[in-house]
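Enquirer: My questions concern the predicted model and sequence given below.
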Amino acid sequence: MGHIGTPTSRVDGRAKVTGTARYAAEYVAPDLAYGVVVSSPVARGKIRAIDASAALAVPGVVQVFTHENRPSLAWFSRSWQDEVAPPGSPFRPLYDKEIHYSGQPVALVVAEEFEAARHAATLLRIEYETLPHATDLGAAREEAYEPRKKRSGIPPPAKPRGDAQAGYEAGAVKLEAEYRHGFEHHNPMEMHAATVVWEGDGRITVYDKTQGSQNCQSYIHNVFGIPSDQVRVVNAYVGGAFGSGLRPHYQLFLAVMAATQLERSVRVVLTRQQMFTFTHRPDTIQKMALAADADGKLTAFRHEAVQNTSRFEDYQEAVVNWAGLLYKCDNTLFDYRLAQLDLPTPGDMRAPGAATGLIGIECAMDELAYAAKLDPLEFRLRNYSEIDQDNNRKYTSKALREAYHIGAERFGWGRRSMAPGSMREGGELIGWGMATGVWEAMMMKTAANAVLHADGRVEVACATSDIGTGTYTILAQIAAEALGVDLARVTVRIGDSDLPKSPVSGGSWTAASAGAAVDAACQALRKSLFKLARGMDDSPLANASLDRVVFDGGAIRLADDEARAVALTDVLTAHHLSLVEEEGAASPSMISSMRYSRYTHSAVFAEVRVDAQLKVVRVTRIVNAVAAGRILNPKTARSQILGGVVMGMGMALYEETMPDHRFGRFMNHNLAEYHVAAHADVQGIDVIFVDEPDEEVSPLGVKGLGEIGIVGTPAAIANAIFHATGKRVRELPITIDKLLD
Amino acid sequence: MSDTETLTRLSTADADGESVTLTVNGERHALRLAPWVTLLDLLRERLHLTGTKKGCDHGQCGACTVLVDGVRMNSCLQLAVMRDGCEITTVEGLAEGGRLHPVQEAFIEQDAFQCGYCTPGQICSAVGLIREGHAHTAEEIRELMSGNLCRCGAYTNIVAAIEQAMGEQAMGEQPAARGDGR
Ligand code: FES
Ligand code: FES
């Protein structure tokens, strides 16, 4: 008991600090061959000719795969659509001679050694016929359209309320502005990789960098026609993903294709450059039009966004779905459109839609607060919404007001002077800014099982993943709590398609979903163990009922006389059992979702120091107060928020992938030129979890934490920069050049 | 195949390569290697010491940091032949017997990682940093650790872990860092 809610070090910590945790590219197999991917240098066109002779002549080269010698593959688009695919026809690697985007994989060179494959890949001669391409959202926005088919799981923009135009005109203070954030790439530290082990009898074991082993398993089945029971996908350790591993990507396809064609084990590891060639956070333009009356009450909120997608899929995210539920306003209008570019399909990246949308919303709210001469926090409090006005529903819980107050208190917000540029220290301009964060608290149908072994070991299993989120640890805590055993006695098995059914790990739903499933399995196991214990000769529990016993210290005890107990191991011994196993499942409650809205909230406060002359910006302090229901493990939970905040700093100040529109290609496709926050950039982050009991949101009262840390952080920093410098930069990231002129 | 099973392989290209002798985590390896094999790929693909990570292969991320004669280096920027005769310590060589190195202990206690992929590089870099003796404040640690990126954003806790390990070492509570090479 007492495991849930206790700060607990990661159960996989030792494996990670000693280098024994194995990631996708780290499994060994006899006779392993290495595949190196060749990428298209043109953005749109056709392959005219391929000359592989020089590549094939390199000693050790086994084969060069292109669209000319690929095996037969699924025909229907449906077969290529994975569990989280947006509407459209997914990209098919090596399918035909068409080039859809720069960086598209066009060949896989397989050799006995990595170095030989890498060298031979440079010798492949490919002739292209080029066609005109477009990679500029600024130009393509003219042709933006409302996506015809909605992406499942992404609610369309809320219906308009009142009359946004009239409300805008009636306002005493107004703001109309356009905000933009360019492309971002996930860049997990581990590059996408797949090791496919040829097991010799047609079966393959696939170690892939993915957020969903079962999603990949069915993709392989659907695309290659390999029976599912001959494919096992393992992702026991995932070196970060942030959404890049939600869908099956081409490293998986190419490694499986090569292994099954060559009937030997194959490893494919992408290069860092190739990490910029499959998914990205889309380029986004947001148009805001807000007005408030003389009391600082919103009279109109209009939020329109256009984002890029690819030519073949309508990727969608919830960019404009937040203002209507965050702020009380009777006149609203929300609009969301897509424009097609010759790029790979964008994908979910940490808090997709919200991380972006809240830049527009929260920077605009800050601007309007200044127009109304109101403290930005006070302005938000005046427009606080107690209900989800978009759907006219109550919240399962919403401790955002508390988060505002506790965060402001810790930050010292009360000492802020309103005028921009008014807080100075030596040659540094100090700026304090704040913003709100919000994310949906989701839960997905998930199954798990729980086993008690005769030696007292507990094993829980579920096909979910730990992408650095701490899943291993919280599941161990949940099992230890339910069964009253030491944490060290619990083994968690996840990241394997053979295990009980789980969706991809993403959207912050894993703790609520896999957690509830494991708890359900453990509760079932409690029931069986209790029954067995009661049936033992002279059992002290003979007359007890399940609600009158506790599981503690490895035993089942009478609640009012804990000395009277049966050890769990004795239960199995008495019945000559080597193990007892139970299954459990959890799904969201339909009735509850119709009655309540469920969201996580945060209040982010940021301090920046800007060099008055050089305009170098440093973020010196962040206070992030998070209301996310029940916190299972404050230690790993804090890390989730720290990570989100750091990525939010990147979004505010550093991260943007820049295309050269002449070539239709991202130019800064490496970690030296795509700058992510480094040690020297990060200091003084303070995370607060606001008390928020919530019995309704999910069985364990959990809301999830993977996304909320990033949401609001970029706007808080942008607003702090305005406060420091008096300059509104509406195009993020806010790099020095934008502050200099 | 079991996780611990290792396989040795010599390629056609390696057979007539250069002869190189390296001591890795105290174990001597006499190898014939093609000159284009990096130290990182040697460790990961031929010696199956996959604790050392590849995050960019271009010296831009620090995931591949190892200690070469006690000095921290990006192993992706070293050709193995350049390090003939050197002593290499990887993350697998830091613990003594079953006992973790103080930096490893501190990383677990401070939750100084999430996905764990940058972690071996951060740890080796931290051991090198402590040995260099130039970092005395959190700010100096941040500056001198900036070659090691962490996309999970565990920086705050990494610095806390390094401070903890440095503190323990200064107080002499823990044995000095092993893996110094000389
Ligand atoms: S892999 Fe060597 S620095 Fe990135
Ligand atoms: S822990 Fe994931 S990159 Fe550092």
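Expert: Nice, I can see it. Ligands and ions are numbered 1, 2, ... in the order given.
Enquirer: would you list every one of the strands in the stretch 101-250 of chain A?
Expert: A:105-111, A:125-130, A:173-181, A:193-198, A:204-208, A:231-234 (DSSP state E, counting those that start in this stretch).
Enquirer: Now do the fourth one against strand A:204-208: the angle between them, please.
Expert: Taking axes from the mean of the first three to the mean of the last three C-alpha atoms, to 10 degrees, one finds that strand A:193-198 is oriented at 170 degrees with respect to strand A:204-208.
Enquirer: who's the spatially most central residue of chain B bridged to?
Expert: With distances taken as C-alpha atoms, centre = their mean, B:Val66 lies nearest the centre of chain B, 2.9 Å away. Here B:Val66 sits in beta bridges with B:Met73, going by DSSP bridges.
Enquirer: Would you mind giving the domain segments of chain B?
Expert: What automatic domain parsing lists as the domains of chain B is B:3-93, B:102-170.
Enquirer: Would you tell me which one of these is buried the most?
Expert: For these, ranked by mean neighbour count under the definition mean count of other C-beta atoms under 10 Å in any protein chain shown, the leader is domain B:102-170 at a mean of 23. C-betas here are computed from N, CA, C, even on glycine.
Enquirer: roughly how far out does stretch A:491-510 sit from the chain middle?
Expert: 14 Å (C-alpha atoms, centre = their mean, to the nearest Å).
Enquirer: now swap in stretch A:620-636 and tell me
Expert: With C-alpha atoms, centre = their mean, you get 17 Å for stretch A:620-636.
Enquirer: ok, that stretch near chain B or not?
Expert: Yes. Stretch A:620-636 lies within reach of chain B by C-beta under 8 Å from any C-beta of the partner chain, at A:Lys635, A:Thr636.
Enquirer: if I read this right, A:Pro105 contacts A:Met257, doesn't it?
Expert: No. Using C-beta atoms under 8 Å, A:Pro105 is not in contact with A:Met257, being 10.9 Å away.
Enquirer: Now for these two: what residues contact both?
Expert: A:Leu94 (C-beta atoms under 8 Å, 6 or more residues apart in numbering or on different chains).
Enquirer: hmm, back to that, let me have the strands of the stretch 101-250 of chain A in a markdown table, extended by distance to A:Glu263.
Expert: Listed next are those as a markdown table, based on distance: least, C-beta to C-beta, whole Å:
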| stretch | distance to A:Glu263 |
| --- | --- |
| strand A:105-111 | 12 |
| strand A:125-130 | 27 |
| strand A:173-181 | 47 |
| strand A:193-198 | 6 |
| strand A:204-208 | 10 |
| strand A:231-234 | 15 |
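Enquirer: Any idea which of those strands gets closest to B:Met145?
Expert: Nearest to B:Met145, of all these, is strand A:193-198, at 25.8 Å by C-beta to C-beta.
Enquirer: so what strands line up beside the closest one?
Expert: Strand A:193-198 has these strand partners (DSSP bridges): strand A:204-208 (antiparallel), strand A:266-269 (antiparallel).
Enquirer: gap between A:Ser265 and ligand 1?
Expert: Distance, A:Ser265 to ligand 1, by C-beta to the nearest ligand atom, to the nearest Å: 24 Å.
Enquirer: Which one of the residues in chain B is closest to chain A?
Expert: Nearest residue of chain B to chain A, counting by C-beta to the nearest C-beta: B:Gly51, 2.0 Å away.
Enquirer: That residue in helix, strand or coil?
Expert: coil (DSSP: H, G, I helix; E, B strand; the rest coil).
Enquirer: quick one: low-confidence parts of the chain?
Expert: Since no chain was named, I'll use chain A. In the predicted model, chain A carries pLDDT under 70 at residues A:1.
Enquirer: should've been chain B
Expert: Along chain B, segments meeting pLDDT under 70 span B:1-15, B:172-182.
Enquirer: Is the lengthiest helix in it positioned near ligand 2?
Expert: The residue-count maximum for a helix in chain B (DSSP state H) belongs to helix B:155-170. No. Interface with ligand 2: helix B:155-170 contributes nothing (C-beta under 6 Å from any ligand atom), its closest point being 8.0 Å away.
Enquirer: helices or strands next to that helix in the packing?
Expert: Helix B:155-170 sits against helix A:634-653, helix B:102-109, helix B:119-132, helix B:138-144, with contacts defined as 3 or more C-beta pairs under 8 Å, 6 or more residues apart in numbering or on different chains; DSSP states H and E.
Enquirer: Tell me which of the ones you listed sits nearest to ligand 1.
Expert: Closest approach to ligand 1 among the helices and strands packed on helix B:155-170 is made by helix B:119-132 (7.7 Å; C-beta to the nearest ligand atom).
Enquirer: Is that closest one in proximity to chain A?
Expert: Yes. Judged by C-beta under 8 Å from any C-beta, helix B:119-132 comes into contact with chain A at B:Thr119, B:Pro120, B:Ile123.
Enquirer: Compile the strands paired with strand A:193-198 into CSV and extend it with columns for mean neighbour count.
Expert: What follows is the strands paired with strand A:193-198, written out as CSV (neighbours: other C-beta atoms under 10 Å in any protein chain shown):
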stretch, mean neighbour count
strand A:204-208, 26
strand A:266-269, 28
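Enquirer: Kindly reformat those strands as CSV containing distance to B:Ala95.
Expert: Listed next are the strands paired with strand A:193-198 as CSV, based on distance: least, C-beta to C-beta, whole Å:
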stretch, distance to B:Ala95
strand A:204-208, 25
strand A:266-269, 27
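Enquirer: if we can go back for a sec, including distance to A:Gln613, could the helices and strands packed on helix B:155-170 go into CSV?
Expert: Output for the helices and strands packed on helix B:155-170, formatted as CSV (distance: least, C-beta to C-beta, whole Å):
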stretch, distance to A:Gln613
helix A:634-653, 18
helix B:102-109, 39
helix B:119-132, 32
helix B:138-144, 22
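Enquirer: Would you mind giving the ones you listed as JSON lines with distance to ligand 2 added?
Expert: Output for the helices and strands packed on helix B:155-170, formatted as JSON lines (distance: least, C-beta to the nearest ligand atom, whole Å):
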{"stretch": "helix A:634-653", "distance to ligand 2": "8"}
{"stretch": "helix B:102-109", "distance to ligand 2": "10"}
{"stretch": "helix B:119-132", "distance to ligand 2": "6"}
{"stretch": "helix B:138-144", "distance to ligand 2": "15"}
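Enquirer: how about those, which one is nearest A:Glu26?
Expert: Going by C-beta to C-beta, the one of these nearest A:Glu26 is helix B:119-132, 11.5 Å.
Enquirer: what's the angle between the closest one and helix B:155-170?
Expert: 40 degrees.
Enquirer: ok, helix B:119-132 near ligand 1 or not?
Expert: No. In terms of C-beta under 6 Å from any ligand atom, no part of helix B:119-132 sits within range of ligand 1; the closest distance is 7.7 Å.
Enquirer: A:Asn383 touches A:Leu325, doesn't it?
Expert: No. When contacts are counted by C-beta under 8 Å, A:Asn383 is not listed as touching A:Leu325 (12.0 Å).
Enquirer: for ligand 2, what are the nearby residues on chain B?
Expert: Contacts of chain B with ligand 2, taken as C-beta under 6 Å from any ligand atom, map to B:Phe113, B:Gln114, B:Cys115, B:Gly116, B:Tyr117, B:Cys118, B:Thr119, B:Cys150, B:Arg151, B:Cys152, B:Ala154.
Enquirer: which residues touch the second one?
Expert: Think B:Gln114. By C-beta under 8 Å, 6+ apart, the neighbours of B:Gln114 are A:Gly240, A:Gly468, A:Thr469, A:Gly470, A:Thr636, A:Ser639, A:Gln640, A:Gly643, B:Cys152, B:Gly153, B:Ala154.
Enquirer: in what helix or strand does A:Ala606 lie?
Expert: Using DSSP states H and E, A:Ala606 sits within strand A:599-611.
Enquirer: so after that strand, what's the next helix or strand?
Expert: Where DSSP H and E defines the elements, the next helix or strand beyond strand A:599-611 is strand A:617-627.
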